[in-house]
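Peer 1: Predicted model follows, preceded by the sequence.
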Amino acid sequence: MKLAINIVDAFTDKQFKGNSAAVIVLDDWLSDTLMQSIAMENNLSETAFLVAADTADNGVIAFNIRWFSPVTEIDFCGHATLASAHVVFAKYTQHNSIEFRADAVGSMQVEKKHDGFIQMNFPNRAPTEPEYIPSALLDGLSITPQKVLQNGQAYFAIYDNEDDVMIVEQDASELRKLAPYDVVVTAPGQHFDFVSRYFWPANGTDEDPVTGSIHTGLAPYWSQQLGKKALEAYQASKRGGVLRCVVESDRVLISGQTVGYLTGEISIK
């Protein structure tokens, strides 16, 4: 069996920056085991698998989407959704809108903008104060955060300044104990509204280059703190990535740029 594959750098306008995702469009779902094996072989933060769905009522083309890290299936992935939109828009050049559907997050509207950005409409997943702060979180970070919050995806370690986010180190063996939750460290930015880094040793690699999904929690938090709905964010990994965020009540609009890297074919024996 041969399958077309694309690899796309997401949340960047420069190749080899942002976060890479593989995108595979299928006629029907493969077995979970095979999709996990493909994601493991690709060894990228995520591999997205798409299957065409019934066209939306408004005539927008639709795809069901699933995301796999090299370790496990992921409930929600922003950068691989962005990469998937890049692939679909390249194939269906007459369309400026797509609908993606996923069990954990429902319907996601995606639009191609005139400035080269792709805008994704996601649920608002603002964090709240946890009932308690796990010792593994505090032991797993070299700098004690000023505040800790949590949503369904991760713990949010809030710092006062960008420098702490840049230099904080993780103890992956401690943070792995927080499974299924990951950890995002964040602070106000010097050149952006806020900055972050994302540690996820329990579900993927030690540090994710750019994480679109966590900005559905980061943007609402910083929107409230900074008193503004439109924000520009930077995820300060080695590859780095820029995200435009707009908070609209129960939704968060996250926009980014993409650069194609590879178009090819994989052979499954």
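Peer 2: Done, it's in. Note that the structure is predicted; figures quoted are calculated from it, not measured. Numbers count the residues shown, from 1 in each chain.

Peer 1: where exactly do the strands run in the stretch 1-150 of the chain?
Peer 2: For the stretch 1-150 of the chain, the strands defined by DSSP state E, counting those that start in this stretch cover 2-10, 19-26, 46-53, 61-68, 73-74, 97-102, 106-112, 118-123, 147-150.

Peer 1: Take these and write them to JSON lines, including mean pLDDT, mean neighbour count and distance to T205.
Peer 2: (Glycine included, C-beta is placed from N, CA and C.) As requested, these are arranged in JSON lines below (pLDDT from 0 to 100; neighbours: other Cβ atoms under 10 Å; distance: least, Cβ to Cβ, whole Å):
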{"stretch": "strand 2-10", "mean pLDDT": "98", "mean neighbour count": "20", "distance to T205": "16"}
{"stretch": "strand 19-26", "mean pLDDT": "98", "mean neighbour count": "24", "distance to T205": "11"}
{"stretch": "strand 46-53", "mean pLDDT": "96", "mean neighbour count": "21", "distance to T205": "11"}
{"stretch": "strand 61-68", "mean pLDDT": "96", "mean neighbour count": "21", "distance to T205": "13"}
{"stretch": "strand 73-74", "mean pLDDT": "94", "mean neighbour count": "20", "distance to T205": "12"}
{"stretch": "strand 97-102", "mean pLDDT": "95", "mean neighbour count": "20", "distance to T205": "22"}
{"stretch": "strand 106-112", "mean pLDDT": "95", "mean neighbour count": "17", "distance to T205": "24"}
{"stretch": "strand 118-123", "mean pLDDT": "97", "mean neighbour count": "20", "distance to T205": "22"}
{"stretch": "strand 147-150", "mean pLDDT": "98", "mean neighbour count": "18", "distance to T205": "21"}
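
Peer 1: what's the domain layout of the protein?
Peer 2: What automatic domain parsing lists as the domains of the chain is 2-123+254-267, 135-248.

Peer 1: And these: which comes nearest E129?
Peer 2: With Cβ to Cβ, the closest approach to E129 among the domains of the chain belongs to domain 135-248: 6.1 Å.

Peer 1: Distance across the closest one, terminal residue to terminal residue?
Peer 2: Taking Cα to Cα, to the nearest Å, domain 135-248 runs 34 Å from one end to the other.

Peer 1: Fine, thanks again, bye for now.
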